[in-house]
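# pasted the sequence and its predicted model underneath.
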Amino acid sequence: MAWLILVIAGIFEVVWAFTMKQSEGFTRLWPSVITLVAMLVSFGLLSWSMRTLPLGTAYTVWTGIGAIGAFIVGVLVLGESANAMRLLAALLIVSGLLLMKLSSSA
């Protein structure tokens, strides 16, 4: 259950990263509100998952989901570059996340 909660927390991290970009420096009301709510949910779920998962594992996976998710949203929604170097970097992050999961006893 902690892993599912952690994945959901990571998804909310992607939401707040995207809506923070859309808030234009917190100058637009609704993207700013969504950012703050998604942050609270994300942090709350991360905290909940840490009841069972080790700190290093939970935090690394949470930030990795956020990084990969933000990368994917940036490429697919915002039209950011998807060159070979960036794709390789994303693959390395995913590899690290898988290794972190496999090395965890929780």
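Ah, there it is.
# how about the residue of the chain most remote from its centre, phi and psi?
No residue in the chain sits farther from the centre than Thr27, which is 23.1 Å out by CA atoms, centre = their mean. Backbone torsions of Thr27, given as degrees, to the nearest 10, read phi -100, psi -10.
# from Gly10, how far off is it?
To Gly10, Thr27 is 27 Å away according to CB to CB, to the nearest Å. The way it works is simple: take the backbone N, C-alpha and C, and place the C-beta from them, glycine included.
# same question for Ser47.
13 Å.
# of the two, which one has the most company?
Gly10 (24 against 12; other CB atoms under 10 Å).
# let me know the distance separating that one from Gly25.
Using CB to CB, one gets 24 Å for the distance from Gly10 to Gly25.
# could you do Leu76 as well?
Applying CB to CB to Leu76 and Gly25 gives a distance of 23 Å.
# just Trp16 next, same as before
Separation of Trp16 from Gly25 (CB to CB): 14 Å.
# to which secondary structure element is the residue nearest the centre of the chain assigned?
By CA atoms, centre = their mean, the chain has its centre lying nearest to Gly66, at 1.6 Å. Take DSSP states H and E as the rule and Gly66 turns out to sit in helix 55-76.
# other SSEs contacting that helix?
helix 2-22, helix 29-49, helix 84-103 (3 or more CB pairs under 8 Å, 6 or more residues apart in numbering; DSSP states H and E).
# out of those helices, deepest packed?
Counting by mean count of other CB atoms under 10 Å, helix 2-22 has the highest mean neighbour count of the helices and strands packed on helix 55-76, with a mean of 19.
# report the inter-axis angle for that one versus helix 84-103.
On the basis of axes from the mean of the first three to the mean of the last three CA atoms, to 10 degrees, helix 2-22 is oriented at 150 degrees to helix 84-103.
# so helix 2-22 versus helix 29-49, what angle?
Computed with the same axes, to 10 degrees, the direction of helix 2-22 lies at 160 degrees from that of helix 29-49.
# packing partners for helix 2-22?
Helices and strands touching helix 2-22, as assessed by 3+ CB pairs under 8 Å, 6+ apart, comprise helix 29-49, helix 55-76.
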